[in-house]
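A.B. asks: just to be clear, the model below is a prediction. Sequence and coordinates:
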Amino acid sequence: MSYPLDSSVLAEMMSSMGMSSQNPNSLAKMASRFNRPAGTKSTSADDFTAQIRLFKERAAKDSALPPVKVDPTPREEILLTFRPEAYDESGGVRTTYVGMKQSYSRLPLEDLKQINISQMWVRKRHEGYFLLCRVITQPFRNVAIGFGVEDVEGNAAAVYVYNFPTLTYATSADMDAIFSMGTMLAIREPTYKLSAWGSDPMLRVDSPSDLVFLGSDNSIIHGQSWESGATIGRSLTPHKSAKAWRESGAAHFKAKRWFAAAVCFTNGIELDPNEHILRLNRSEVYMRMAWYRSAFQDAEKVLLAVGDNIEDLFFRSAISRAAKSLYYLGEYSNAIEMASRRPQDQECQKWCIKASDRLREQASGEYDWNSIFQESQTASAQLEIAEFTGPLQVRDMKNVGGGRGVFVSKDVNAGELLMVSKAIATGTENRQQNESTMFINCITNRALTTKDAALRSQLIERLWEESPVDLIIKALYAGPDCSPPAPYPPSQSLENLKLLENPLQPSTDIDIMRVDGACSFNCFGLDSLKPINTGSIDENDPQLDRSSGMFSLPSMCNHSCLPSAHWVSFGNFMCVRASRNLQKDEEVTIQYFPGHLPFGMRKQMALSNWGFKCRCILCELDKEDGEKLCREREDAMSRTRQDIGVRYDGGVMRRALKLVEDVRRTYSDHEKRGQCNVKPALFNAHHHLARVYGERALMEGTQFRQSSIEEEMKAVEALGVVILDRGLSGKIKRNSSLPIDMTQGPTHMNDECVIAVLHIVQQLYALDKLRRAELWLKTALYLEGVRVGGGWHLFQTRYCVILEELGLTDFTRDILIPSEPTN
Ligand SMILES: C[S@@+](CC[C@H](N)C(=O)[O-])C[C@H]1O[C@@H](n2cnc3c(N)ncnc32)[C@H](O)[C@@H]1O
């Protein structure tokens, strides 16, 4: 649920301060003082929580009140409210609440009876009815799109449409093309309610699919007698010819107003269904909007109409558009078949080659990871790789929200690729946007980050166009307040799915509450893998992806702080690999948040963000250690940071040694400890001590190199790596194999683990233990491969800066021969 400007909470605050909350502008200004978007300094967490609580209490109180009859707002007042100069579109912070309980209409218009404003009750959803109305003011966008309407009796009302696809940052030109004055609408099962800032009633449309745009030939309009006259002054006079619509569409296209362009081309098609250029243009627009199913549908219709005349210009364009849309839909064989209809055409050849590459990736699970990595480095990169599913099954399981988990259907080795999954929707932080809306999620009681809010908008766009996405959303866990998820994978065949006929009419009824639930419990932060640098992270680096994504199969995986699989993201793709050897029927768990975070923080994140208590072995052990030791561990860890980058001296050494002892002490030796040796904080302490020894070695001699190596070995052991040969001199125990147990895998892995191993290599290399250095270098490559994959090529790309710093560039080039497969 959301409010046009701000909640009643602000209205209440204002009245308690003796201020008028009647005026939307002053309310917006007030909102900007109290509510700030994610990322800016805000009122305290307590104030924030109190504000949400107050909002929920008021909403609950309001919904417990009976519906009332109120007089319709006088028409003049509506006209005054929506006069263009009444609104300041320049910015300010607006607040909107999402994730509240709400309904949406599932009944087709034909099954509903007409109702007028005078018959409507405030605080009531008018089930079984629709309101026929027409737009009488210019539309205005705030959090919602607002405009005035009148019904056939001449009564007026303010309408606020939330969540309308593609219009989150719409300009007046966008909105005018869609909600221009005179537009006829039917609002299915309308809800009439009191505005947050006063007693004025308004019509609130939360699910944009409740809105039906009525063309002039719609039978509902015929025979209606409008109290205020048959026509009203229109802001846009509808064109009379397909050609004129085509020109308007082209102007919107040029200005990148895709949705408005699609609406114009559609109007033209309605006037002249045989105007192929309009369909081809619309197909192109749909492609820009990533509405590939609709883009294909248009191209296919042109193909059917023009026949197999390969010289025909329309045929040529239609084939390449159809092939391209099939390619982006992931229907690679169909794309090849389509493109093969014009084998000599260069564009078609391109789609054939690309689709063949994708088919190969899909079948083999082998990818050119190095190129993929390079491509993923541009901000919010949308990669072109195929999805892949390894030996996995989704099965029912007890004691987890949603009741399902992912399992391996055969034995797999550590590092084996389990899935490559493309995001259904992504959201990226938009720092250019000079306006901001704070979305408060009433499910998690937190403000949505701007990237999560963007993801939510994109998901609604996807749902609008593609009913298969609707099936996935229905099959995702959406929290305890939504109906249980449908079985996964969705079973309905694509053949029976509804397709978009008109961009203004969605292919499915949109359940906004489920969208919010699904987003709350199934969002992944997509921080693409980056090259490893030793320097600090530049927060303003445009390369730093600030994206989130929603996925299908990965959303079936449950969390463990000590997971059986690692995941990384490349642009909009998520890749999951086994973190250790897994036996058939073992569960595939992943980390929703880093397992090296302090216990208290992990516990809180699991509960407040995903609504569960983690019972993984790491959490059980931390629980057994108790709050006091966990806190001491945290305190000790914060001390590591004070000596980072400080030049070596005796004090640094003493503190580093003490740190190891202090942290070790916080891992008590109880019975359960035998089940798991992972001690993330100890990794940091040993790793830090190793670096201090490394610096000491530079000044005081090679014996400290040995100590540095020993400390790094202890560090990686604290992450679950089992070392089989810790020798530094003499005979190598297992001359041809790595010095670690490759079946165990580091179940607790990040880039730091590989860096620690590279420090071992550096010291061995400096000690001239070249064979051992070689085996440890291969260990670093192996560990990287377990989580990231990609073989030596990607390894060199990611680690080249650090290899240079450690003086290992040439050594690495000599040792790591490009021989391993890049799966
Ligand atoms: C992304 S879904 C995971 C799949 C989910 N189990 C399902 O059936 O759809 C996230 C939800 O799964 C549940 N979940 C995930 N990990 C869990 C765990 N370790 N213990 C209990 N519930 C868990 C929580 O309810 C969480 O909100």
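C.D. replies: Thanks, I have it.
A.B. asks: contact residues of the stretch 301-450 of the chain facing the ligand?
C.D. replies: By the rule Cβ under 6 Å from any ligand atom, the part of the stretch 301-450 of the chain lying against the ligand is Val400, Gly401, Gly402, Gly403, Arg404, Gly405. All C-beta atoms are positioned from the backbone trio N, CA, C, and that covers glycine.
A.B. asks: number of residues surrounding the fifth one?
C.D. replies: I take that to be Arg404. 20 (other Cβ atoms under 10 Å).
A.B. asks: start the count at 227 instead of 1 going forward.
C.D. replies: Yes, from this point I'll number from 227; that puts the last item at Arg630.
A.B. asks: for it, list each beta-bridge partner.
C.D. replies: Asp622 (DSSP bridges).
A.B. asks: so what would you say the end-to-end distance of stretch 889-905 is?
C.D. replies: 9 Å (Cα to Cα, to the nearest Å).
A.B. asks: can you select the buried ones from the residues of the stretch 527-676 of the chain next to the ligand in ChimeraX?
C.D. replies: To isolate the buried ones among those in ChimeraX, judged by 16 or more other Cβ atoms under 10 Å, type:
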select :628,630,631
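A.B. asks: now the residues of the stretch 527-676 of the chain next to the ligand as CSV including pLDDT?
C.D. replies: CSV is the format used below for these (pLDDT from 0 to 100):
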residue, pLDDT
Val626, 97
Gly627, 96
Gly628, 97
Gly629, 97
Arg630, 98
Gly631, 98
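A.B. asks: how about stretch 419-435: buried residues?
C.D. replies: Neighbour counts using 16+ other Cβ under 10 Å place 419-423, 426-435 of stretch 419-435 among the buried residues.
A.B. asks: same check on stretch 913-932?
C.D. replies: 913-923, 930-932.
A.B. asks: which ones among these map onto helices?
C.D. replies: Applying DSSP state H to these, the entries found in helices are 913-923, 930-932.
A.B. asks: among the residues you listed, which one lies nearest to the ligand?
C.D. replies: Using Cβ to the nearest ligand atom, His913 comes nearest to the ligand of those, at 27.9 Å.
A.B. asks: between the residues of the stretch 527-676 of the chain next to the ligand, which is nearest Arg568?
C.D. replies: Arg630 (44.6 Å; Cβ to Cβ).
A.B. asks: residue contacts, that closest one?
C.D. replies: Val620, Arg621, Asp622, Met623, Tyr703, Pro711, Tyr714, Met782 (Cβ atoms under 8 Å, 6 or more residues apart in numbering).
A.B. asks: same question for Asn671.
C.D. replies: Counting by Cβ under 8 Å, 6+ apart, Asn671 touches Thr275, Ile278, Ser834.
A.B. asks: same thing but at 10 Å, please
C.D. replies: Phe274, Thr275, Ile278, Arg279, Lys282, Gly325, Ser834 (Cβ atoms under 10 Å, 6 or more residues apart in numbering).
A.B. asks: quick one, phi psi at it?
C.D. replies: phi 60, psi 30 (degrees, to the nearest 10).
A.B. asks: what do you get for Leu993?
C.D. replies: phi -80, psi 0.
A.B. asks: my read: it touches Gln932, true?
C.D. replies: Yes. The criterion here is Cβ atoms under 10 Å, and Leu993 meets it with Gln932 at 7.6 Å.
A.B. asks: right, and the helix or strand after the strand or helix carrying Ile981?
C.D. replies: Assigned by DSSP states H and E, Ile981 belongs to helix 977-992. Using DSSP H and E, the helix or strand that follows helix 977-992 in sequence is helix 996-1013.
A.B. asks: in the very next helix or strand once past that next one, what's buried?
C.D. replies: Scanning forward in sequence from helix 996-1013 by DSSP H and E, the next helix or strand is helix 1017-1031. Neighbour-count burial for helix 1017-1031, counted by 16+ other Cβ under 10 Å, picks out Gly1017, Trp1018, His1019, Leu1020, Phe1021, Gln1022, Thr1023, Arg1024, Tyr1025, Ile1028, Leu1029.
A.B. asks: got the angle between helix 1017-1031 and helix 977-992?
C.D. replies: In terms of direction (axes from the mean of the first three to the mean of the last three Cα atoms, to 10 degrees), helix 1017-1031 departs from helix 977-992 by 70 degrees.
A.B. asks: before we move on, what SS does the residue positioned nearest the centre of the chain have?
C.D. replies: The residue lying closest to the centre of the chain (Cα atoms, centre = their mean) is Gly775, at 2.2 Å. Counting by DSSP: H, G, I helix; E, B strand; the rest coil, the backbone at Gly775 sits in strand.
A.B. asks: touching, it and Cys749? I think so.
C.D. replies: Yes. Using Cβ under 10 Å, Gly775 is in contact with Cys749, at 7.4 Å.
A.B. asks: please identify every residue contacting each of the two.
C.D. replies: Ala651, Gly653, Lys677, Leu681.
A.B. asks: was I right about Val741 contacting Ser435?
C.D. replies: No. The pair Val741 and Ser435 fails to qualify as a contact (Cβ under 10 Å) at a distance of 11.3 Å.
A.B. asks: would you mind pulling up the elements that the longest helix seen in the chain packs against?
C.D. replies: Using DSSP H, we find that the single longest helix of the chain is helix 843-868. Secondary-structure packing of helix 843-868 (3 or more Cβ pairs under 10 Å, 6 or more residues apart in numbering; DSSP states H and E): helix 825-836, helix 876-892, helix 906-926.
A.B. asks: ok, which of those helices comes nearest the ligand?
C.D. replies: That would be helix 825-836 among the helices and strands packed on helix 843-868, by Cβ to the nearest ligand atom, at 3.6 Å.
A.B. asks: which elements pack onto the closest one?
C.D. replies: helix 738-748, strand 784-785, helix 843-868.
A.B. asks: so does the helix or strand just after the shortest one get close to the ligand?
C.D. replies: Read that as strand 784-785. Using DSSP H and E, the helix or strand that follows strand 784-785 in sequence is strand 791-796. No. Counting by Cβ under 6 Å from any ligand atom, no contacts exist between strand 791-796 and the ligand, the nearest distance being 12.1 Å.
A.B. asks: tell me what strand 791-796 is packed against?
C.D. replies: Using 3+ Cβ pairs under 10 Å, 6+ apart, strand 791-796 sits against helix 595-601, strand 643-648, strand 749-752, strand 799-804, strand 813-816, helix 996-1013.
A.B. asks: mind putting the ones you listed into CSV with distance to Thr307, mean neighbour count and mean pLDDT?
C.D. replies: Listed next are the helices and strands packed on strand 791-796 as CSV, based on distance: least, Cβ to Cβ, whole Å; neighbours: other Cβ atoms under 10 Å; pLDDT from 0 to 100:
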stretch, distance to Thr307, mean neighbour count, mean pLDDT
helix 595-601, 49, 19, 95
strand 643-648, 44, 23, 98
strand 749-752, 36, 22, 92
strand 799-804, 46, 25, 97
strand 813-816, 50, 22, 98
helix 996-1013, 56, 22, 94
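A.B. asks: follow-up on the earlier one: so which of the shared contacts of Gly775 and Cys749 sit within strands?
C.D. replies: Ala651, Gly653 (DSSP state E).
A.B. asks: so which of the shared contacts of Gly775 and Cys749 sits lowest on pLDDT?
C.D. replies: Least confident entry in these, by pLDDT: Lys677, with 89.
A.B. asks: OK, contacts around that residue?
C.D. replies: So Lys677 contacts 264, 606, 652-656, 749, 751-752, 771-775 (Cβ under 10 Å, 6+ apart).
A.B. asks: endpoints of stretch 553-563, how far apart?
C.D. replies: Termini of stretch 553-563 sit 11 Å apart (Cα to Cα).
A.B. asks: can you tell me which of the helices and strands packed on helix 843-868 is most buried?
C.D. replies: helix 906-926 (a mean of 21; mean count of other Cβ atoms under 10 Å).
A.B. asks: helices and strands around that one, which ones?
C.D. replies: Partner elements for helix 906-926 (3+ Cβ pairs under 10 Å, 6+ apart): helix 843-868, helix 876-892, helix 929-943, helix 977-992.
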